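In: Below is the sequence, then the predicted model.
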Amino acid sequence: MSAGHASMRLIDDYARGDTELAADAVWALEAHLETCAMCRGRLAESVVTEAPGIAALVDTVRAGLEPQLDAAVRAPSRRFRPRWVSAWMTPAMGPWLAMTVLVTLMALLLDEAWPSALSGDASPMLLIAPVLPLCGVAASWSRGLDPAHELTASTARSGLPLLLRRTTAVLVVVLPVLLAGGWWSGSMTAAQWLLPSLAFTSTALALGSVVGVTRAAAGLATAWAAAIVAPAWATGRVPHALELALQPDRLPAWGLLLALGVGAVIARRNAYSTL
């Protein structure tokens, strides 16, 4: 890369599919090509001379598709949201985030209207707050929930950077709702659920590098529900495990789990491009 553009040698090597190109050089070039029309034009010229077989294949495909495209009726645009939203959220994340907010509001309603009907001394908000962000995280990088997953995964900006942007979008929506709900009900303080929420999120991302983010988030949420939520609703009492988990003196343990999760994500950052 020089003077803000890719060198012709790099473009020629990329056009030929040179397998000796470093992965970071390929990533930088592909990211640059997304925003530089000049270098895309130079790449098109290079393909003709450096990879004539690919150029001939593209021409053949274009010749077969052009009559069909000319005859096709253009569908009306369905873009109802700014372009930048697509860089931070998948189309499926909207309903999942809405569901998460709705669950929070329902828990707040139960907390206010029937404080002991279902969970006894345990606040419904406190029972679910630590794992609520996992609902959105599960949808942030899911093959089944993102209709453009294969296309997105093949771009230069896929992998961990995109996953972190989508996870941040989830936290930006969910955490303020939980904070407002806890303040309104007075049933919990931010210290009781914020650090556990972040710890669960980082752990889901760390485990996601091995088993997939959706499976990891669903597994952690299921484990919390089985160990904490189900016993509270079954007995009407605060489970001893919840008391132990959310005591102020347990915050260093949650902080350690958060740090370990972040460390694992950094250590396995290259694994997210192949999920």
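Out: Yep, it's here.

In: And the average pLDDT for the longest helix along the chain is what?
Out: When the chain is parsed with DSSP state H, its longest helix is helix 160-185. Per-residue pLDDT over helix 160-185 has a mean of 79.

In: If you count contacts, what does that helix end up packed against?
Out: helix 83-88, helix 93-113, helix 124-128, helix 133-138, helix 190-211 (3 or more CB pairs under 8 Å, 6 or more residues apart in numbering; DSSP states H and E). The C-beta positions use only the backbone N, C-alpha and C, and glycine is treated the same way.

In: Report the buried residues of that helix.
Out: 160, 162-164, 166-167, 169-170, 173-175, 177-179, 181-182, 185 (16 or more other CB atoms under 10 Å).

In: Next, the angle helix 190-211 makes with that helix.
Out: 150 degrees (axes from the mean of the first three to the mean of the last three CA atoms, to 10 degrees).

In: start the count at 32, not 1, going forward
Out: Sure, I'll start numbering at 32, so the last one becomes helix 191-216.

In: Report the rounded mean pLDDT for stretch 60-67.
Out: Here stretch 60-67 scores 84 as its mean pLDDT.

In: Can I get that stretch in PDB, CA atoms only?
Out: Below are the C-alpha coordinates for stretch 60-67, written out as PDB (Å, rounded to 0.1, in the frame of the first residue of the first chain):
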ATOM      1  CA  LEU A  60      -6.300  -5.000   0.000                       C
ATOM      2  CA  GLU A  61      -9.900  -6.300   0.100                       C
ATOM      3  CA  ALA A  62     -10.900  -3.700   2.700                       C
ATOM      4  CA  HIS A  63      -9.300  -1.000   0.600                       C
ATOM      5  CA  LEU A  64     -11.000  -2.200  -2.600                       C
ATOM      6  CA  GLU A  65     -14.400  -1.700  -0.900                       C
ATOM      7  CA  THR A  66     -13.900   2.100  -0.800                       C
ATOM      8  CA  CYS A  67     -11.500   2.800  -3.700                       C
END
